[in-house]
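# Let's see this in three dimensions:
(one chain, ligands or ions: 1)
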Amino acid sequence: MGRLDGKVAMVTGAAMGLGEETCRVFAKEGAKVMITTGKSVQAAQMVVDEIRKDGGDAAFIQLDVRKEEEWHRALEQTIRTFGKINILVNNAGIAIGKNVEEATLDSWSLEMDVMATGVFLGTKYAIKYMKENGENCSIINISSMEAIAAESIWFSYCAAKGAVRTLTKSAALHCGGKRYKIRVNTVYPGYIHTPMNEKAAKDLGLSLEEYYGDALTRHPIGYIGKPKDIAYANLFLASDESLFITGADLCVDGGYTAQ
Ligand code: NDP
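Model (predicted):
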């Protein structure tokens, strides 16, 4: 018996990194999974194939989370394919290493569009479809420890992830007040080894060792996280084990924000 038996999940930006691992764990626990990807179509197809090979059920669709019309298309396609939606993980993200003086209106707008507007649209339209099915539903918004303990280098990223924190709480209060069976929670990962950090290190002209070396000093647990660490937190919030949890902050950061 899987912890997500009978549930349908959609995970954004899930062709790689934390989203990919979340999809694999969800599928192993019995969920039918709609993987969404921005541009990485081949990688998404590979994840689908591997999940199916392991006996799971998955499909993928392209979704640019900044675009309202694409949200409608993706959610409707999910319902056509799997019959309903119970779980949405708003995971898609980008990280641009610029401080407040280096940030431009373009770099600011891009990060806000993907990670604040994208999470707003996903949360808004998932509620529209989830409230119709009358089942226990869960929206999981991926923020970052940067929403709690900022670093100067990630200026617009910190702003976007901070927006995720409070929009999640406001949506949770709304759903509770309406007595929808929809929980809305935030997960705050610490540094996790994924393609995002590989790209960030490259963009900053640092070796991975240099990049993570500095970050490591801020993780009291003594190591950089793995995608599974986040996937299992997402699994708990997605499952009916967390029915009394809404509007909550779950830090999965090796103690980063405890200091
Ligand atoms: P990755 O870069 O590995 O994956 C992010 C995914 O987001 C990519 O697959 C990309 O898809 C997708 N994406 C980017 N822009 C868009 C868009 N406009 N529309 C749809 N999809 C898009 O990142 P991680 O797995 O590391 O990060 C996942 C989430 O976790 C992000 O929100 C990130 O901010 C957050 N996080 C990560 C941490 C870490 O250390 N890794 C720490 C704290 C938070 P495609 O290539 O198909 O465009």
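
# My guess is V33 contacts C23. True?
Yes: using Cβ atoms under 8 Å, V33 is in contact with C23, at 4.8 Å. (Each C-beta comes from the backbone N, C-alpha and C, glycine too.)

# okay, and the common contacts of these two?
Common neighbours of V33 and C23, using Cβ atoms under 8 Å, 6 or more residues apart in numbering, are 9, 11, 51, 58.

# and the nearest residue to the third one once chain neighbours are set aside, what helix or strand is that in?
Beyond its immediate neighbours in the sequence, the residue positioned closest to I51 (Cβ to Cβ, 6 or more residues apart in numbering) is A58, lying 4.1 Å away. In this structure, A58 is located in strand 57-62 according to DSSP states H and E.

# Mind listing what's buried along that strand?
Residues of strand 57-62 classed as buried: 57-61 (neighbour count, 16 or more other Cβ atoms under 10 Å).

# follow-up on the earlier one: mind putting the shared contacts of V33 and C23 into TSV with secondary structure and distance to G225?
Formatted as TSV, the entries for the shared contacts of V33 and C23 read as follows, by DSSP: H, G, I helix; E, B strand; the rest coil; distance: Cβ to Cβ, whole Å:
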residue	secondary structure	distance to G225
A9	strand	21
V11	strand	18
I51	helix	22
A58	strand	24
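
# ends of stretch 17-37, how far apart?
By Cα to Cα, to the nearest Å, the extent of stretch 17-37 from end to end equals 12 Å.

# Run a quick neighbour tally on D249.
D249 is flanked by 15 other residues according to other Cβ atoms under 10 Å.
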